[in-house]
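Engineer: The following comprises the amino acid sequence and a computationally predicted model.
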Amino acid sequence: MTDSLHSLPPVRIDRHEVFPQQIAAHSPESYFEIEEWVHPVTFFVGRNGSGKSRTAKALTRKVAGSRLLDTDRLVSLMSFSSYSWGAYQVDFKGVPLGESDRLQMKQIYPDTHFATDDLYSLREQPDVWLKVAAFLKRALGRTIQLRENSGYLDPHVLIGGVEYSLFRDEGHGLRELVILLAAAYRDDWALLLVDEPELHLHPSMARLWLAELRKECVERDKRALIVTHEPSLLRIRDAGELGGIWHFQAGRGPVSLACALFDRQRGEETERRRTQVSATLRANPDLVSQLVFSPRPVLVEGVHDVAALSASLERTKAPEVVAQTDLVLCGGSVEVALWFEISHALGVDVRAVADLDACLEPSVQSVMDSYPEVTRRYREELFQEPPKTTEILKPLIAEMKKAGISASPKEKADWLARSIPDGTAHPLRKEKMIAIWRDHGMWLHGQGTIENVLGIENKSLNQAAQAASNPGPIDAVVDWCAYEVDLRGDIELLLNIAVERVAHALQEAIRSDPEAQFSMPVGASSVADARLVEVVPTGDGFHRLVVRTPKPFVGYWLEFSRDTAPSQLNLQPPQ
């Protein structure tokens, strides 16, 4: 093995190297930098279109000894006949073994790493074939045999007494697994980049492959980078692993989870936070994947919150809303604040739910005070200067000490909810602060604790779920935190724009021929527009557009003449 496989250099990728169509080529703005390849496996996560695959391809061009398996890797193991209207898949004989075929492929696509390369390694590197065959035998109970037929490599699969072709008689899943295993076991790469290894694979198979890849990286001092949308591949149990996860978001550069966690910390504070994060991750190894793969995670303190909110969700919301609302167990109000802060540093849209005493936690206060919009509202609505949560709560804390309230979180929460002296501005200021926090993603139970919200004495999973199975204050929390993609408002807006465009086209046509009456849309998109609206001439130079689809807006109408102002081209509901 060459020295180049033992270590990778620092890499910087500028924004124009990832988005050349959007950024001038001379732009020096850094987009992604990695100083040390500390982690055997690095992960790129984030929503579609956020730049993950583009960055992986840019890394391939930057790092010597790198190989990329992109999402189209299996196409090289198929044959197509092309026609003007598309392509038709035909039987695939196998991978050609002739040197001229292989050379021609590399000349036509010099920068592309085909899956065929990994098939060749099964034939030309016996140790690779043996490892792949052993894995398939152990994990799936199948045997793979290499066959050569008329100048083609045509692997066959054996299971029981049945034998069949890997290419012609097997689904994509086993082919995918063979390619990924061969790629991992090969010895000619320093950095292996795989875009969405979970394609076609059962999650358990994807995890088993990832374990093999990690083992290969550790034993042979290599590095791998995985672009993934599969939550089960991220089961993090220690804060030290967070540096190997990069979160991508459209419109900004990727952020390392370690940076989001430790950037503002120093010395003892870093170690304290690292310990706290590791404890949280050991209790909930799925926390990170829930955070980065959820449409909008909801951070909660404990299992009782999960039980209560889940019961209310299932009772009050449609199944699709329940499925999209992810409750993330953090462990306590301090931990909720911690992951709330990390989520915001990553640009993740997040909600958090906590007992009322959480407002007394310095870490929670620090997080909320860091948001400019919160401090602005402290100044403008509470006339607080300096605009700090501690200053808002200082009179309340003094009253609490005077009342002899203990350090018990429950006693503090109960006192804040029920016992603030009347005749002062304290209750109003507290309620206003709660409202400000709620508007910025942090719900504090106005009743004090989750037990008070549910009307139960003790925290019990069964009690919490049973109490939430009936209508009550918990439903307000669920209404606030449930995630629902409601398209109606956007559909209405886009429909208005489309109908206005049809009306403008007709206005231009009427101006050209004032006596004409139209019963169809006009212009280049008239056929598609006729499916959207019906055109009805109403006399005296007026026309009416009546919506045909979508169903909730059928019958909505818009009437106009050639002189109707754009501001008056608004859809009206049917009478």
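Structural biologist: Right, received. Where do you want to start?
Engineer: Okay, domains of the protein per the record?
Structural biologist: 1-65+189-282, 87-175, 294-481, 488-568 (automatic domain parsing).
Engineer: Dump those domains into a markdown table; add mean neighbour count and distance to Gln575 as well.
Structural biologist: The way it works is simple: take the backbone N, C-alpha and C, and place the C-beta from them, glycine included. Below are the domains of the chain laid out as a markdown table (neighbours: other C-beta atoms under 10 Å; distance: least, C-beta to C-beta, whole Å):
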| stretch | mean neighbour count | distance to Gln575 |
| --- | --- | --- |
| domain 1-65+189-282 | 17 | 42 |
| domain 87-175 | 15 | 52 |
| domain 294-481 | 18 | 31 |
| domain 488-568 | 14 | 9 |
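Engineer: looking at these, which is closest to Ala183?
Structural biologist: Ala183 lies closest, by C-beta to C-beta, to one member of the domains of the chain: domain 87-175, at 5.0 Å.
Engineer: For the stretch 351-500 of the chain, which segments count as strands?
Structural biologist: Assigned strands in the stretch 351-500 of the chain, in chain order: 351-354, 442-444 (criterion: DSSP state E, counting those that start in this stretch).
Engineer: before we move on, back to that, let me have the domains of the chain in CSV, extended by mean pLDDT and distance to Ala183.
Structural biologist: As requested, the domains of the chain are exported to CSV (pLDDT from 0 to 100; distance: least, C-beta to C-beta, whole Å):
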stretch, mean pLDDT, distance to Ala183
domain 1-65+189-282, 89, 6
domain 87-175, 86, 5
domain 294-481, 92, 30
domain 488-568, 94, 42
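Engineer: if I've got this straight, Leu192 is in a strand?
Structural biologist: Yes - applying DSSP: H, G, I helix; E, B strand; the rest coil, one finds Leu192 inside a strand.
Engineer: Can you name the residues that contact it?
Structural biologist: Contacts for Leu192 (C-beta atoms under 8 Å, 6 or more residues apart in numbering) come out as 66-67, 69, 183-184, 213, 222-225.
Engineer: wait, which of the strands of the stretch 351-500 of the chain is closest to Asn458?
Structural biologist: That would be strand 351-354 among the strands of the stretch 351-500 of the chain, by C-beta to C-beta, at 19.2 Å.
Engineer: Show me what the closest one is in contact with.
Structural biologist: Strand 351-354 has contacts (C-beta under 8 Å, 6+ apart) with 296-301, 305, 309, 333, 336-337, 339-340, 364, 441-445, 477, 480-481.
Engineer: try 7 Å
Structural biologist: 296, 298-301, 305, 333, 336, 340, 441-444, 477, 481 (C-beta atoms under 7 Å, 6 or more residues apart in numbering).
Engineer: Remind me what the longest helix seen in the chain packs against, helices and strands.
Structural biologist: Looking across the chain with DSSP state H, the single longest helix is helix 488-512. Applying 3 or more C-beta pairs under 7 Å, 6 or more residues apart in numbering; DSSP states H and E, we find helix 488-512 packed against strand 542-547, strand 557-560.
Engineer: Could you export these as CSV, including distance to Asn470?
Structural biologist: Converted to CSV, the helices and strands packed on helix 488-512 look like this (distance: least, C-beta to C-beta, whole Å):
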stretch, distance to Asn470
strand 542-547, 42
strand 557-560, 45
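Engineer: So which of the ones you listed is nearest Pro40?
Structural biologist: Closest of the helices and strands packed on helix 488-512 to Pro40 is strand 542-547, at 57.0 Å (criterion: C-beta to C-beta).
Engineer: Pull the number of nearby residues for Leu177.
Structural biologist: Residues contacting Leu177 under the criterion other C-beta atoms under 10 Å number 23.
Engineer: Quick check: phi and psi at it.
Structural biologist: phi -60, psi -40 (degrees, to the nearest 10).
Engineer: I figured it hits Met205, correct?
Structural biologist: Yes - between Leu177 and Met205 there is a contact under C-beta atoms under 7 Å: 6.0 Å.
Engineer: Name the residues linked to Val546 by a beta bridge.
Structural biologist: Glu534, Trp557 (DSSP bridges).
Engineer: what sits against it?
Structural biologist: Residues near Val546 by C-beta under 7 Å, 6+ apart: 533-534, 536, 555, 557.
Engineer: hmm, which two among these are most spread apart?
Structural biologist: The span of those, defined through C-beta to C-beta, is set by Val536 and Gly555 at 12.2 Å.
Engineer: Same list (the strands of the stretch 351-500 of the chain) but as JSON lines, adding distance to Pro471.
Structural biologist: Listed next are the strands of the stretch 351-500 of the chain as JSON lines, based on distance: least, C-beta to C-beta, whole Å:
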{"stretch": "strand 351-354", "distance to Pro471": "19"}
{"stretch": "strand 442-444", "distance to Pro471": "19"}
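Engineer: quick one, which of these is nearest to Phe248?
Structural biologist: strand 351-354 (21.6 Å).
Engineer: Sheet partners, orientation included, of the closest one?
Structural biologist: Strand 351-354 is paired, per DSSP bridges, with strand 298-300 (parallel), strand 442-444 (parallel).
Engineer: Quick one: distance of the first one to the chain centre.
Structural biologist: Remark: strand 298-300 is offset 16 Å from the chain centroid, using C-alpha atoms, centre = their mean, to the nearest Å.
Engineer: Could you list every helix and strand in contact with the helix or strand that it is followed by?
Structural biologist: For strand 298-300, the succeeding helix or strand toward the C-terminus, using DSSP states H and E, is helix 303-316. If you count contacts as 3+ C-beta pairs under 7 Å, 6+ apart, helix 303-316 packs onto strand 327-329, helix 450-454, helix 461-468, helix 474-481.
Engineer: got the angle between helix 303-316 and helix 461-468?
Structural biologist: Counting by axes from the mean of the first three to the mean of the last three C-alpha atoms, to 10 degrees, helix 303-316 lies at 30 degrees to helix 461-468.
Engineer: what residues does helix 303-316 touch?
Structural biologist: Against helix 303-316 from outside (C-beta under 7 Å, 6+ apart): 300, 322, 325, 327, 329, 353, 450, 454, 459, 461, 464-465, 467-469, 474-475, 477-478, 482.
Engineer: So what does Pro387 have for phi and psi?
Structural biologist: phi -80, psi 70.
Engineer: And Ser76, how far from Phe92?
Structural biologist: Between Ser76 and Phe92 the distance is 10 Å, computed by C-beta to C-beta, to the nearest Å.
Engineer: er, Trp443 actually
Structural biologist: 56 Å.
Engineer: Same check on Ala465?
Structural biologist: 54 Å.
Engineer: same question, His304
Structural biologist: 56 Å.
Engineer: what's the answer for Pro10, then?
Structural biologist: If you go by C-beta to C-beta, the gap between Pro10 and Phe92 works out to 42 Å.
Engineer: do the same with Val11
Structural biologist: Here Val11 is placed at a distance of 37 Å from Phe92 (C-beta to C-beta).
Engineer: Ok, Asp70 next?
Structural biologist: Distance from Asp70 to Phe92, by C-beta to C-beta: 20 Å.
Engineer: What of Pro295?
Structural biologist: From Pro295 to Phe92 the distance is 39 Å (C-beta to C-beta).
Engineer: Pairing partners for whichever strand or helix holds His247, with directions?
Structural biologist: For His247, the enclosing helix or strand under DSSP H and E is strand 245-249. Counting by DSSP bridges, the strands paired with strand 245-249 are strand 41-46 (parallel), strand 252-256 (antiparallel).
Engineer: rewinding a little: let's see which of the contacts of Leu192 end up in helices.
Structural biologist: 183-184, 213.
Engineer: mind listing what's buried in stretch 181-189?
Structural biologist: By 16 or more other C-beta atoms under 10 Å, the buried positions in stretch 181-189 come out as 181-186, 189.
Engineer: quick revisit: could the strands paired with strand 351-354 go into TSV alongside distance to Trp129?
Structural biologist: Shown next, in TSV, are the strands paired with strand 351-354 (distance: least, C-beta to C-beta, whole Å):
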stretch	distance to Trp129
strand 298-300	48
strand 442-444	56
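Engineer: Among the ones you listed, single out whichever gets nearest to Arg147.
Structural biologist: Here strand 298-300 is closest among these (C-beta to C-beta), at 53.6 Å.
Engineer: residues touching the one residue sitting closest to the centre of the chain, list them.
Structural biologist: Centroid-nearest residue in the chain: Phe293, 3.8 Å away (criterion: C-alpha atoms, centre = their mean). By C-beta under 7 Å, 6+ apart, the residues touching Phe293 are Pro231.
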